[in-house]
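**Student:** Here you go, sequence then predicted model.
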Amino acid sequence: MHIMSSLEYSRIIEELLPKIIGKHFSRIRKIGENAYRIKIGDIEVYFELGVRMNATKYIERIDERESMTDKISKELDNVRLVEIEQPNKDRLIVLKFSNMYQIIFEMFGKGNMILVKEGSCICAHRYEDWSDRSIRAGKEYKFPKSTTAQSIEYTDKYIIVSLMKLPLGKGYAIEAIERSKIDEKDRGDGLSKEKRAALEENIKNIINENKPRIYMDAEGRPQEFALLKLSKYSKNESTIMEFTNLNEAADHFYNNYEKKDPEVEKLENRLAKQYERRIELETEASEYTKKGDWIYSNYETVEQLIELAKNKKFEEIERKHKTVQRNMKEKSVELETVEK
């Protein structure tokens with residue numbers, strides 16, 4: 001199953017904006033266990049949590065009632081949609097209505113849908129708790145901490161690590177690498193000036209390309225869709241269906257895709273998410289390594305700071321270490337590291 005990327009959500013929203021902004025909410029329907037269809041104006045928008053969002057012309061007969069859809073129907077009946085946002089270009093979609101209500105779709109992991117008013121969670125598809133935030137009725141809604149970068153970081157890690165932090169998605173990150181004739185395991189800081197320029201130019205081109213297509217197998221079954229021509233299919237014989245916009249391509253794909261055995265599909269989705277998690281862990285490991293190296297090379301300074309803090313000599317700390325910041329509420333001191 002194709003799980004939409006940040007870039008694809010951006011394009012979907014871009015195409016939908018002129019069609020539904022200013023139009024009135026009409027209804028919401030729950031489709032099966034993890035999907036919803038919302039009608040705004042004359043447009044039906046399908047949300048499969050954690051998978052996809054697109055305008056659809058396919059109307060399923062399944063219509064499940066639940067307290068959340070009843071609540072949304074009551075509060076948003078005939079209310080105007082005034083804005084759609086994608087915070088930090090992450091896999092987050094925010095529908096803002098004229099009566100201060102918002103429907104927030106978290107499209108990463110298992111996905112979630114949350115009804116929010118004036119910053120407070122009213123109800124949600126799934127209630128969850130993390131160390132830094134909680135999705136519970138009556139609690140303040142907080143967006144997940146963003147790890148998205150707006151430019152490539154050329155570090156000593158694989159270049160794919162940096163590209164996976166951009167609002168592209170795995171498929172388009174790999175496409176950028178293919179077009180630039182580099183390997184995903186090349187170190188970022190080892191790339192030549194020419195290679196960096198080529199990579200940045202190719203990413204720019206990928207973001208600006210708009211030739212949606214579906215790739216079919218020999219039997220004419222949809223296998224994958226993309227915003228552009230993918231290099232990995234250049235040597236394979238495959239039928240291509242071209243579309244004028246991504247909403248139409250996605251709608252056709254998801255409604256004609258031959259679903260695999262549920263267990264096989266579950267494993268494939270898990271593998272894709274594990275790939276993303278590995279990239280995240282490699283990035284975190286790099287940060288912890290830098291911090292550890294700094295502490296090791298400044299061991300005496302750190303020891304002195306700890307001793308002074310134990311004795312509550314904060315003024316002396318600030319006098320001797322100009323980059324120290326004191327937080328009395330948290331009862332902590334923070335020392336800014338300076339890379340040489």
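**Tutor:** Right, received. Where do you want to start?
**Student:** Which residue ranges of the stretch 51-200 of the chain form strands?
**Tutor:** Ranges of strands within the stretch 51-200 of the chain are 52-55, 81-85, 92-97, 101-106, 112-117, 120-124, 128-129, 134-135, based on DSSP state E, counting those that start in this stretch.
**Student:** between the fifth one and strand 92-97, how big is the angle?
**Tutor:** Translated: strand 112-117. 30 degrees (axes from the mean of the first three to the mean of the last three Cα atoms, to 10 degrees).
**Student:** Can you spell out which helices and strands pack onto strand 112-117?
**Tutor:** helix 67-76, strand 101-106, strand 120-124 (3 or more Cβ pairs under 8 Å, 6 or more residues apart in numbering; DSSP states H and E). Every C-beta, even on glycine, is put in place using the N, C-alpha and C of the backbone.
**Student:** Show me which residues of the shortest one are buried.
**Tutor:** Okay, so that is strand 120-124. 121-124 (16 or more other Cβ atoms under 10 Å).
**Student:** Now for the spatially most central residue of the chain: which residues touch it?
**Tutor:** When Cα atoms, centre = their mean is applied to the chain, the residue found nearest the centroid is R91 (2.8 Å). Neighbouring residues of R91 by Cβ atoms under 8 Å, 6 or more residues apart in numbering: 4-6, 9, 106-108.
**Student:** now D90
**Tutor:** Counting by Cβ under 8 Å, 6+ apart, D90 has contacts 6, 108, 144, 146, 148, 167.
**Student:** Going through the residues you listed, which ones are buried?
**Tutor:** 6, 108, 144, 167.
**Student:** picking that back up, check the gap between the residue nearest to the centre of the chain and E209 for me.
**Tutor:** From R91 over to E209 the distance is 20 Å, taken as Cβ to Cβ, to the nearest Å.
**Student:** do S26 as well
**Tutor:** Taking Cβ to Cβ, one finds S26 at 34 Å from E209.
**Student:** hmm, who's touching the helix or strand where R27 lies?
**Tutor:** For R27, the host element (DSSP states H and E) is strand 25-31. With contact meaning Cβ under 8 Å, 6+ apart, strand 25-31 is reached by 36-41, 46, 60, 62-66, 68-69, 72-73, 76-81, 97.
**Student:** buried residues in that strand?
**Tutor:** The neighbour-count check on strand 25-31 (16+ other Cβ under 10 Å) flags 25-26, 28-31 as buried.
**Student:** what's the lowest-pLDDT member of those?
**Tutor:** Lowest pLDDT of the buried residues of strand 25-31: I31, 91.
**Student:** Quick one: the helices and strands packed on strand 112-117 as JSON lines, columns for mean pLDDT too.
**Tutor:** Formatted as JSON lines, the helices and strands packed on strand 112-117 follow (pLDDT from 0 to 100):
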{"stretch": "helix 67-76", "mean pLDDT": "96"}
{"stretch": "strand 101-106", "mean pLDDT": "98"}
{"stretch": "strand 120-124", "mean pLDDT": "98"}
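**Student:** right, and the ones you listed - which one's nearest N256?
**Tutor:** Among the helices and strands packed on strand 112-117, strand 101-106 comes nearest to N256, with 23.7 Å by Cβ to Cβ.
**Student:** Going by contacts, tell me the helices and strands next to that closest one.
**Tutor:** Looks like strand 101-106 contacts helix 67-76, strand 92-97, strand 112-117 (3+ Cβ pairs under 8 Å, 6+ apart).
**Student:** any chance of the ones you listed in TSV, plus mean neighbour count?
**Tutor:** TSV is the format used below for the helices and strands packed on strand 101-106 (neighbours: other Cβ atoms under 10 Å):
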stretch	mean neighbour count
helix 67-76	16
strand 92-97	19
strand 112-117	20
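**Student:** Distance of I84 relative to D183?
**Tutor:** From I84 across to D183, the span is 38 Å (Cβ to Cβ).
**Student:** more neighbours, those two?
**Tutor:** I84 (18 against 12; other Cβ atoms under 10 Å).
**Student:** buried residues in the host helix or strand of I207?
**Tutor:** In this structure, I207 sits in helix 193-208 according to DSSP H and E. Applying a neighbour-count criterion of 16+ other Cβ under 10 Å, one finds 196, 198-199, 202-203, 206-207 buried in helix 193-208.
**Student:** can you name the two of these that are farthest apart?
**Tutor:** Maximum pairwise distance in those, criterion Cβ to Cβ, is 16.8 Å, between R196 and I207.
**Student:** what about the helices in the chain?
**Tutor:** Using DSSP state H, the helices of the chain run over 6-20, 67-76, 159-163, 170-179, 193-208, 246-256, 262-297, 299-310, 314-320.
**Student:** Adding distance to D129, write those out as CSV.
**Tutor:** Shown next, in CSV, are the helices of the chain (distance: least, Cβ to Cβ, whole Å):
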stretch, distance to D129
helix 6-20, 25
helix 67-76, 18
helix 159-163, 29
helix 170-179, 28
helix 193-208, 35
helix 246-256, 31
helix 262-297, 20
helix 299-310, 32
helix 314-320, 34
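**Student:** deepest of those, which one?
**Tutor:** For the helices of the chain, the largest average neighbour count (mean count of other Cβ atoms under 10 Å) is found in helix 159-163, namely a mean of 24.
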